[in-house]
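Asker: can you look at this prediction? I've put the sequence above it.
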Amino acid sequence: MLQRLRENRLIASFAFPHKIPDVLSLNHFVFCSPNGHAIAVTPKALGATRHSNVPELNKLRKNRPALQPTNTKTYIVRRLGHYTPDEATTYDSASWEHAYALDDFVFPWEPGQPRAAITFRALHDDDALYWQFRVQDSDIKTYVNTNEKSEVLFSDRVEIFLSTNPTLSTYYCLEIDSLARVYDYRASHYRKFDIHWQWPSGQLWAGARRDEGGYVVTGRIGLQSLTDLGLLTNGILRGGLYRGKCMEINLEKEAMQWISWVRPASATPDFHIPSSFGIFQLE
């Protein structure tokens, strides 16, 4: 079966001050949904395709074997202390040494792989949550064509999901690549995506830097937005931390390795389930 999608409007693009070599695109891309059906789509619909509500998609979980859920993990977010917000958004600031280092990331669907070379840290003050990913990678791949935010989906990236409750009735997703492009969207279980939603204005900032050993992504989320969205209650956030390691820039099929902080209870790659989430406890 071949399903052709109507063209969607362009998603907001980001401008960068330096020239990045373009990757040529095709007139149409063909993707395979997890049930094996093919979908043809134009470049303008990239973001919508990856998050389209294919009719059979909601049946996937009942048709695949489930793994036993793991114990919920908890990460303690320390207070910023005497450090300033400016220091907490600087890549090499001493403030990050004050945060607990979380480095137990795994390849849930690749048995035998060593622990993934990622370190996450977070801090907070009365105004914001500050976070940083350090990724070791000697071969960073980034897809750039028109700089639409959906191009993040075909690039190396880190991801933060935050949910209002354990059932994921409403949750919010941030996927950030090594150029600091942010793919933000709202979702509800199971895999119902609002790709045109954007994080509240002025409440999200992200920066990124590449170096010889990989890349660093640093960000700030205003506590006001976390409260208004129903995500922060009594100092508790329910969230997931992930990485998509791009093996090759391939617009016709997925070519990613998936990495997670919490090992999801799924036999096939899937972060959009409750068992992939842990707890963030603000001091």
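Answerer: Thanks, I have the structure now.
Asker: excluding chain neighbours, give the residue nearest to the residue most central in space within the chain in space.
Answerer: The residue lying closest to the centre of the chain (CA atoms, centre = their mean) is Glu159, at 2.1 Å. Spatial nearest neighbour of Glu159, excluding adjacent residues (CB to CB, 6 or more residues apart in numbering): Tyr242 at 4.1 Å. Glycine gets a C-beta too; all of them are placed from N, C-alpha and C.
Asker: scan the chain for its longest strand.
Answerer: When the chain is parsed with DSSP state E, its longest strand is strand 236-246.
Asker: next SSE after that strand?
Answerer: Going down the chain from strand 236-246, the next helix or strand is strand 256-260, by DSSP states H and E.
Asker: packing partners for that following strand?
Answerer: Helices and strands touching strand 256-260, by 3 or more CB pairs under 8 Å, 6 or more residues apart in numbering; DSSP states H and E, are strand 236-246.
Asker: how close does Ala209 get to Ile221?
Answerer: That one is not Ala; residue 209 is Arg. Taking CB to CB, to the nearest Å as the measure, Arg209 falls 19 Å from Ile221.
Asker: need the helices for the stretch 1-150 of the chain, in chain order.
Answerer: Using DSSP state H, counting those that start in this stretch, the helices found in the stretch 1-150 of the chain span residues 46-50, 60-63, 85-88.
Asker: one step back: secondary structure class for the residue nearest to the centre of the chain?
Answerer: Assigned with DSSP: H, G, I helix; E, B strand; the rest coil, Glu159 falls in the strand class.
Asker: next, give phi and psi for the residue nearest to Trp258 when sequence neighbours are not counted.
Answerer: Among residues not flanking Trp258 along the chain, Pro269 sits closest, at 4.7 Å (CB to CB, 6+ apart). When quoted as degrees, to the nearest 10, the phi and psi of Pro269 stand at phi -60, psi 120.
Asker: Gly112: what's it in contact with?
Answerer: When the contact criterion is CB atoms under 8 Å, 6 or more residues apart in numbering, Gly112 has no partners at all.
Asker: more neighbours: which of Arg209 and Ile221?
Answerer: Ile221 (26 against 14; other CB atoms under 10 Å).
Asker: test my guess that that one contacts His124.
Answerer: No: contact criterion CB atoms under 8 Å: Ile221 and His124 do not qualify, at 9.4 Å.
Asker: contacts only, for the residue nearest to the centre of the chain.
Answerer: The contact partners of Glu159, taken as CB under 8 Å, 6+ apart, are 173-176, 240-244, 271.
Asker: Ser150 against Val182, yeah?
Answerer: No: with contact defined as CB under 8 Å, Ser150 does not reach Val182; the gap is 11.3 Å.
Asker: who's more crowded, those two?
Answerer: Ser150 (28 against 22).
Asker: what about the residue nearest to Trp258, distance to Pro108?
Answerer: For Pro269 relative to Pro108 (CB to CB), the value is 8 Å.
Asker: next helix or strand past the one helix or strand Phe193 maps to?
Answerer: Counting by DSSP H and E, the element that carries Phe193 is strand 192-194. Counting by DSSP H and E, the element after strand 192-194 in chain order, helix or strand, is strand 204-211.
Asker: by contact count, what packs against that following strand?
Answerer: Packed next to strand 204-211, using 3+ CB pairs under 8 Å, 6+ apart, are strand 171-177, strand 182-188, strand 214-222.
Asker: pLDDT weak spots in the stretch 1-150 of the chain?
Answerer: 1-71 (pLDDT under 70).
Asker: which of the residues in stretch 156-176 are buried?
Answerer: Neighbour counts over stretch 156-176 (16 or more other CB atoms under 10 Å) mark 156-164, 168, 170-176 as buried.
Asker: what mean pLDDT does that stretch have?
Answerer: Mean pLDDT, stretch 156-176: 98.
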